[in-house]
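# after the sequence you'll find the predicted model.
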Amino acid sequence: MNVYERLGLKPIVNASGKMTALGASAVQPAVAQAMADAAMDYVEISELMKLAGRRIAEATGAEDGCPTSGAAAGIAISVAAAIAGCDLRVIEQLPAAVGRKRKIVLQKGQSVHFGASIRQMIALGGGEAEEVGHANYVEEAHLREAIGEDTAALLFVKSHHAVQKGMQPLETLIRLGRERGVPVIVDAAAEEDLRRYVAAGADLVIYSGGKAIGGPTSGFIAGRGPLVAACRAQYKGIGRAMKVGKEAVVGLLTALERYDQNTADAGEQRSRMEWLANELGKLPGLNASVVQDEAGRQIFRAQVQVDEQKAGFSAADLARLLEQGNPAVFTRNHYASVGVLAFDPRPLHANQEKVIAARIKEIWNGRK
């Protein structure tokens with residue numbers, strides 16, 4: 001019985017992904033122990049933050065880094081840094097930004113909702129989102145013409161939530177940013193490569209600590225020294241409401257020390273998903289296969305297309321029945337409305353793909 005069951009909650013089989021709604025990552029014992037040790041002692045927080053910045057810089061190839069309470073906080077803090085810099089007078093006025101450049105330009109197909117609106121995170125940092133182009137098509141001219149004297153930053157969102165076609169690549173934003181003297185912020189919350197966007201020339205890059213890295217609920221910003229210093233300065237303003245605790249910082253640093261994107265056994269995960277797809281494909285009304293992550297990451301998921309007429313269930317019905325079970329099985333159901341469910345191997349504990357197969361077979365056998 002785990003701690004949540006002792007509290008009276010149902011056990012969870014997480015096949016959805018490293019989702020905030022399900023607690024993001026289940027940390028490894030070494031990370032949990034480091035957090036416990038940190039919780040039982042004292043530290044000068046300002047010194048811990050500086051140390052963390054150096055460690056983040058080492059991990060990302062950036063000039064400096066800043067821990068945050070999560071990637072969403074990282075967006076608000078990065079925007080605030082671009083607007084206010086280290087000017088304490090302005091920092092203390094935010095999110096009001098009277099007389100400051102405050103337009104944050106982003107492509108319309110990247111103006112996402114990730115559990116909250118990215119526009120709201122921009123507004124919390126004092127910015128005003130300016131969406132350009134169309135939901136599925138943006139030309140360079142849309143971006144170029146949107147950059148004006150009131151533009152504080154360009155924002156690029158790398159996410160499975162975003163439109164994956166018809167958008168201008170990051171390289172376009174970086175080139176335009178350099179031409180016009182405007183910083184480029186990258187929201188790379190769930191990305192696995194911690195060096196790619198800094199190396200590409202982004203000024204600030206935001207990551208989640210609890211997603212690919214496998215740390216606790218946390219995040220960090222990496223980038224150019226002066227802008228990262230401005231990010232830290234926001235903890236005297238709007239960042240105070242988003243402060244990150246000592247336990248989370250130490251857990252994040254421990255996860256970073258242990259993180260190597262190349263060590264994840266993608267082959268073993270894919271084999272488990274191939275087994276699951278094979279089992280589910282035997283059931284009437286399910287067409288199962290293994291598919292790669294829509295954002296291009298090296299993640300391979302089992303995916304089922306539900307034929308409602310043959311199955312007797314819609315994909316949404318199946319997702320609901322799985323969530324109502326004990327244990328509750330959570331699927332990746334972004335496309336349930338078009339009959340598709342997927343199962344992510346990364347958060348699964350050993351042999352939980354067999355639990356999923358058994359639960360779905362139980363549902364099928366109980367059909368009238």
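Great, that's in hand.

# now Ile185, what's its secondary structure?
strand (DSSP: H, G, I helix; E, B strand; the rest coil).

# identify the bridge partners of it.
For Ile185, the beta-bridge partners are Leu155, Leu204 (DSSP bridges).

# OK, contacts around it?
Taking CB atoms under 8 Å, 6 or more residues apart in numbering as the contact definition, Ile185 lies against 75, 78-79, 82, 104, 153-156, 202-206. Bear in mind the C-beta positions are built from the backbone N, C-alpha and C, glycine included.

# those residues: which two are farthest apart?
Farthest pair in those (CB to CB) is Ile104 and Val205. Separation: 15.5 Å.

# would Ala152 count as being in a helix?
No - counting by three-state DSSP, Ala152 is not found in a helix; it is strand.

# ok, it touching Ala81?
No - under the criterion of CB atoms under 8 Å, Ala152 makes no contact with Ala81, lying 9.6 Å away.

# which of the two has more residues huddled nearby?
Ala81 (32 against 26; other CB atoms under 10 Å).

# who's in contact with that one?
Contacts of Ala81 by CB under 8 Å, 6+ apart are Gly125, Leu204, Leu227, Val228, Ala230, Cys231, Ala233, Gln234.

# try it again with 10 Å
By CB atoms under 10 Å, 6 or more residues apart in numbering, the contact set of Ala81 is 66, 91, 125-126, 152-153, 183, 185, 203-204, 221, 223, 226-234, 239.

# of the residues you listed, which belong to helices?
Ile91, Pro226, Leu227, Val228, Ala229, Ala230, Cys231, Arg232, Ala233 (DSSP state H).

# neighbour-wise, which one of those leads?
That'd be Cys231 among the ones in helices among the contacts of Ala81, by other CB under 10 Å, with 30 neighbours.

# is it true that Ala71 touches Ile213?
No - counting by CB atoms under 10 Å, Ile213 is not a contact partner of Ala71; they are 11.1 Å apart.

# shared neighbours, the two?
Ala190, Tyr207, Gly219, Phe220.

# surely the first one is within a strand?
No - following the definition three-state DSSP, Ala190 is coil and is not counted among the residues of a strand.

# surely it touches Lys18?
Yes - contact criterion CB under 10 Å: Ala190 and Lys18 qualify, at 6.9 Å.

# higher neighbour count, the two?
Between Ala190 and Lys18, Ala190 has the larger neighbour count (other CB under 10 Å), namely 25 against 20.

# show the pLDDT at Ala264.
Per-residue confidence (pLDDT) for Ala264: 53.

# got it, and Lys10?
Reported pLDDT for Lys10: 89.

# pull the contacting residues for Met35.
27, 215-216, 245-252, 254-255.

# what is the helix or strand that contains Arg119 packed up against?
Arg119 belongs to helix 118-124 when assigned by DSSP states H and E. Applying 3 or more CB pairs under 10 Å, 6 or more residues apart in numbering; DSSP states H and E, we find helix 118-124 packed against helix 71-84, strand 103-107, strand 128-132, strand 151-157, strand 184-187.

# mind putting the ones you listed into a markdown table with distance to Ser289?
Below are the helices and strands packed on helix 118-124 laid out as a markdown table (distance: least, CB to CB, whole Å):
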| stretch | distance to Ser289 |
| --- | --- |
| helix 71-84 | 31 |
| strand 103-107 | 31 |
| strand 128-132 | 35 |
| strand 151-157 | 28 |
| strand 184-187 | 30 |
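
# looking at those, which is nearest to Asn365?
So among the helices and strands packed on helix 118-124, helix 71-84 is nearest, using CB to CB, at 41.6 Å.

# what is the orientation angle of the closest one with strand 128-132?
100 degrees (axes from the mean of the first three to the mean of the last three CA atoms, to 10 degrees).
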